[in-house]
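**Student:** Next input, structure requested:
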Amino acid sequence: MPLPDFLVIGASRSGTTSLHNYLRQHPEIFMCPRKSPNFFVSADSIPAREGPVARQMMGQWVADRESYEGLFSGAREGASIGEVSPVYLQSWAAPERICGSCPEAKLVAILRAPAERAWAHYMGRKRDGLETRESFEAVLEEELAEGLPDEVAFGSYLGCSRYGHFLGRYFEVFPKEQIRVYLFEELCDSPRDLLGDLFSFLGVDRAPSATISMSRHHPSGEVRGALRKALWTSSVGLRTALRPMLPERVRRLAAPLFLKDLDKPPLAPELRARIGQALAADTERCQALIDRDLREWLEP
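**Tutor:** Model prediction:
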């Protein structure tokens, strides 16, 4: 059975859902019909910090090889096969597992400023009923006091922003020629230029980058209206239970009823500075890995 020729490994809350939808419009690409199958992290232990609903979601990850391969059974011969699982950039063991199954796979990452990514991650999980703590500042202080995870960063907002640590492992396991890293701003400001470069990296025709239908998917923010907000947040258990039974097209119709025109409160400057300071060494390591100027991430 076929396996992916390329994987988008993260980062979470950095435009990977939009990228998944752009990629599957290319006539030479077969995208996994399920975004985030998470196969290569399914063997990781779930951290104690994750709540019961998050654990239920993780129980729906694709955990056996036969089921994973079956996701790509519809790929036509000659197509470039891909999948998107942002949690692959949250696991120290994922690179070796990927290399063991897909040693020649090309890897794609989109990185967002660590503070902004962590804030968007917190807001998204709080909105969706996966985070009950009310204060982002208190969450950050708690994470820093406990120490950031080295093995798996699931559920850790600062841990998931440690690109130097987790991406560094990919550079140790894979040749750098098989890894392409973009910045979130590039996807937002020049998506067609990014897609053209990405298509060339994947070895497919770059011309369709001019015709891809562009729209943002899975945006960050808070649901507007007290009733709608309460309904969406409190229904997380039901939504999680129904997810395996509902076709994706049905889920796509339901979510916009709640998740359009979201409120997007800004991150407090002092918290941005605090995160930048806490992750400064990791950011400098990431800067060296990808040979990009990331000093703006360190500015308050």
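
**Student:** Could you list which residues are in contact with residue 35?
**Tutor:** Contact analysis of residue 35 by Cβ atoms under 8 Å, 6 or more residues apart in numbering lists 17, 20, 83-85. C-beta coordinates here come from the backbone N, C-alpha and C atoms, glycine included.

**Student:** What of residue 82?
**Tutor:** With Cβ under 8 Å, 6+ apart, residue 82 has these contacts: 4-8, 23, 29-32, 202.

**Student:** what is the mean pLDDT for the strand or helix carrying residue 119?
**Tutor:** According to DSSP states H and E, residue 119 maps onto helix 114-127. Averaged over helix 114-127, pLDDT sits at 94.

**Student:** Of the contacts of residue 82, which belong to helices?
**Tutor:** Members of these lying in helices (criterion: DSSP state H): 23, 202.

**Student:** Buried only: go through the contacts of residue 82 for me.
**Tutor:** By neighbour count, with 16 or more other Cβ atoms under 10 Å, these hold 4-8, 23, 29-32, 202 as buried.

**Student:** the strands in the chain, which residues?
**Tutor:** Counting by DSSP state E, the chain has strands at residues 6-10, 29-31, 80-84, 106-111, 179-183.

**Student:** which one of those strands is the most hemmed in?
**Tutor:** strand 6-10 (a mean of 27; mean count of other Cβ atoms under 10 Å).

**Student:** If you count contacts, what does that one end up packed against?
**Tutor:** Applying 3 or more Cβ pairs under 8 Å, 6 or more residues apart in numbering; DSSP states H and E, we find strand 6-10 packed against helix 16-23, strand 80-84, strand 106-111.

**Student:** avg pLDDT for the second one?
**Tutor:** Which is strand 80-84. 98.

**Student:** what angle do that strand and helix 16-23 make?
**Tutor:** 160 degrees (axes from the mean of the first three to the mean of the last three Cα atoms, to 10 degrees).

**Student:** Can you list the strands that strand 80-84 pairs with?
**Tutor:** strand 6-10 (parallel), strand 29-31 (parallel) (DSSP bridges).

**Student:** just the helices in the stretch 101-250 of the chain please.
**Tutor:** Ranges of helices within the stretch 101-250 of the chain are 114-127, 136-146, 163-173, 184-189, 191-202, 226-234, 236-242, 248-254, based on DSSP state H, counting those that start in this stretch.

**Student:** Perfect, I'm done here.
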